[in-house]
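Participant: Sequence below, structure please.
(2 chains)
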Amino acid sequence: MTTPPSASLDKPRHVRYWLRCLKSCLPEEYTATDLNRMTLGCFCVAALDLLGELQFLTSPEDRKGWIEWIYRNQLPTGGFRGSPATDFGEKRNETNAVWDPPNLPASFFAVATLVNLGDDLGGVKRRELLELVTRMQRGDGSFGESLVGEEVVGATDMRFVYMAAALRWMLRGREGRGCEDVKDFDVDRTVAYIKSAQSYDFGVSEKMFGESHAGMTYCAVATLSLLGHLDESGLQSVEGLTRWLVHRQVPFEKKDEMDEDDWQYIQKYGTEEEKADGTKVELGTDGRPIWGGFHGRCNKKADTCYSFWIGASLDMLKKLYLIDINANRRFLLEKTRHIIGGFMKLPQPGGSPDILHSFLGLAALALMREEGVNRLDAALCISMQAKERLMALEWWAEGR
Amino acid sequence: MYQEDSDWEDIIPLPQDDGDQPLAQIAYTDEYTEAMSYLRAIMAKEEYSQRALEITEHITEMNPAHYTVWLYRAKVIFALNADLRKEIEFLNEKALRHEKNYQIWHHRQLVMDKLGDPTGESEFIEQMFEKDAKNYHVWSYRQWLVKRFGLWDNGELEYVQKLLERDVRNNSAWNHRYFLVFGKGDTPNQNVVEREM
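Facilitator: Numbers count the residues shown, from 1 in each chain, chains lettered A, B, ... in the order given. Sure thing, here's the model as predicted:
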């Protein structure tokens, strides 16, 4: 039996999905992500940028309007909020300002989106934001999510470490020399935190003794890359990590696209034949699985977003060639892509695409040099053109 | 509706200002829009009262990932000297319905840290693992609980054993086992080594 030819990226369909996300209201289900609208906005803009249509299918007025919205969410004291949910407007004063705090992830996504939209960051309170980043570092080298009054709040978690490192890279300019009178955070301490979070199986977790996790690993690898420590200074074993990353690719089994309840039923009451059929892996003429996505932790299900978290980590380690690119690509383009455009989280029937998985699926394809998709910088998660534009800004290039 | 509620008649709601061209605009329900306007007004007033507690409950039901409202709720709980056990029960119910939510577990940690008594925690965590034995937030919380209350020898290893017998491929359980052996900081003695082999 010959392997069926692989699908290709249906660009117009994806472009339509992203334009809908940008120009019309997101459905009510997104209420749970209300405080993260900055993140959603970033992904929408970045996706169109990767598809090469940002300049053509959005008007200068549109982009100017979005830039203004982002700046509306910059706090007078520096840093950004994730959405106008806590904007007290004229009622804001010195004391209630604690309830409208700067948020580290929101600040990262705000700056990244401004860069994507072609803004020169002239309106960003760079010094104040860099000061905030430094203040949000804890004794163990990790970072908080937010600053409520004097208190650093939030989990001890690799994600905020990444946001801090990315903001530092974007805002301090060449060789990190910019705003030199603003105290830098303790880089060595952060590197030590990351090193301690590498698990016994060589994946990286949220913190020491945590379970290794692809999302956390991406944050760690990207941080080390941005801080110039992606080697044995920041990792106990680079080779071990590489192996862990590569082993996260899993062959697609028939049960992966079955309804969860149906598969549970077969496992309990099905015939031996039905059970065997569920775990069947279809092989191509080259003897390798046709489809193979990535999971985030050992023995979990393959999910679109891990194609990015793992792919980007390997890309930064210059080892992306070690994965089965075809199988990964086909998993995305044939199993989790959705008929209305975008990507679903899982290859489940009746699922819908969501902004996070749709963007990360596209980003994963960008890393694999998918035709028609612009190149992506794995560490900053913005297009190469956007990154180059940032680096060409006078203040950035001169390290001011 | 807060507008018709006499308990709220002194509050002027603060509507959300999204400007002319918002990014990622969401089709909120009227209920959410109204509640958020009243929440903003209460927070701007820095009121830490019973009705503030009630509105935070309402908001977290519609948007359990509103991280600021959870911080605000914590402040209200501590200001009112509210019953922390009751808060844990409230969180139990929430956690069972919003499994993938991280804020709920972070809030639980703040409350449990103040309460200072982990009675009942193991049992509830077990309930969560019945639903999903690999829930990352819950495992993370369990590690914190063990460290905070010194529960290293409190049946942890036995529980991990039980989970592994059910599913030997539960990576989270294996990881917890590693934590139990090495997490205290002592070098494992010969008995432990033999047991683990």
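Participant: can you pull the contacts of residue 163?
Facilitator: Assuming you mean chain A. Applying CB atoms under 8 Å, 6 or more residues apart in numbering or on different chains to A:Met163 gives the contacts A:Leu104, A:Pro105, A:Ser107, A:Phe108, A:Phe143. No exception for glycine: its C-beta is placed from N, CA and C like everyone else's.
Participant: nope, chain B please
Facilitator: B:Phe129, B:Ala133, B:Asn170, B:Ala173.
Participant: can you redo the contacts of A:Met163 as JSON lines with distance to chain B?
Facilitator: Written out in JSON lines, the entries for the contacts of A:Met163 read as follows (distance: CB to the nearest CB, whole Å):
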{"residue": "A:Leu104", "distance to chain B": "11"}
{"residue": "A:Pro105", "distance to chain B": "10"}
{"residue": "A:Ser107", "distance to chain B": "14"}
{"residue": "A:Phe108", "distance to chain B": "15"}
{"residue": "A:Phe143", "distance to chain B": "15"}
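Participant: Find the closest residue to chain A in chain B.
Facilitator: B:Gln21 (2.8 Å; CB to the nearest CB).
Participant: Let's see the helix or strand containing A:Glu68 as PDB, backbone CA atoms only.
Facilitator: Take DSSP states H and E as the rule and A:Glu68 turns out to sit in helix A:60-72. Backbone C-alpha positions of helix A:60-72 (Å, rounded to 0.1, in the frame of the first residue of the first chain) are rendered in PDB as follows:
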ATOM      1  CA  PRO A  60      -2.200  51.100   8.700                       C
ATOM      2  CA  GLU A  61      -5.200  52.500  10.600                       C
ATOM      3  CA  ASP A  62      -5.900  49.000  12.000                       C
ATOM      4  CA  ARG A  63      -2.300  48.600  13.100                       C
ATOM      5  CA  LYS A  64      -2.200  52.100  14.600                       C
ATOM      6  CA  GLY A  65      -5.400  51.400  16.500                       C
ATOM      7  CA  TRP A  66      -4.100  48.200  18.000                       C
ATOM      8  CA  ILE A  67      -0.800  49.900  18.900                       C
ATOM      9  CA  GLU A  68      -2.900  52.500  20.700                       C
ATOM     10  CA  TRP A  69      -4.900  49.800  22.600                       C
ATOM     11  CA  ILE A  70      -1.600  48.200  23.700                       C
ATOM     12  CA  TYR A  71      -0.300  51.500  25.000                       C
ATOM     13  CA  ARG A  72      -3.600  52.200  26.800                       C
END
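Participant: That one near chain B anywhere?
Facilitator: Yes - Helix A:60-72 lies in contact with chain B when judged by CB under 8 Å from any CB of the partner chain; the contacting residues are A:Asp62, A:Gly65, A:Trp66, A:Glu68, A:Trp69, A:Ile70, A:Arg72.
Participant: Which PyMOL command selects the buried ones in these?
Facilitator: Isolation of the buried members of the residues of helix A:60-72 next to chain B (16 or more other CB atoms under 10 Å in any protein chain shown) is achieved in PyMOL through the command below:
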select buried, chain A and resi 65+66+69+70+72
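Participant: With respect to chain B, which of the residues of helix A:60-72 next to chain B is nearest?
Facilitator: Each of the residues of helix A:60-72 next to chain B was scored against chain B by CB to the nearest CB, and A:Gly65 proved nearest at 2.8 Å.
Participant: Surely the closest one is in contact with B:Asp20?
Facilitator: Yes - the pair formed by A:Gly65 and B:Asp20 meets the contact definition of CB atoms under 8 Å, at 6.0 Å.
Participant: Phi and psi next, for A:Pro84.
Facilitator: The phi and psi values for A:Pro84, taken as degrees, to the nearest 10, are phi -70, psi 10.
Participant: Please disregard the earlier target; I meant A:His213.
Facilitator: Reported as degrees, to the nearest 10, the phi and psi values for A:His213 are phi -150, psi 130.
Participant: Also the one 10 residues further on?
Facilitator: With angles defined as degrees, to the nearest 10, A:Thr223 sits at phi -60, psi -50.
Participant: Just the residues contacting the helix ranked longest in chain B, thanks.
Facilitator: Longest helix of chain B, by residue count under DSSP state H: helix B:30-45. Outside helix B:30-45, the residues that touch it by CB under 8 Å, 6+ apart are A:31, A:85-88, A:91-92, A:96, A:99-100, B:1-3, B:8, B:11-16, B:28, B:51-52, B:55-56, B:58-59, B:62-63, B:68-69, B:72.
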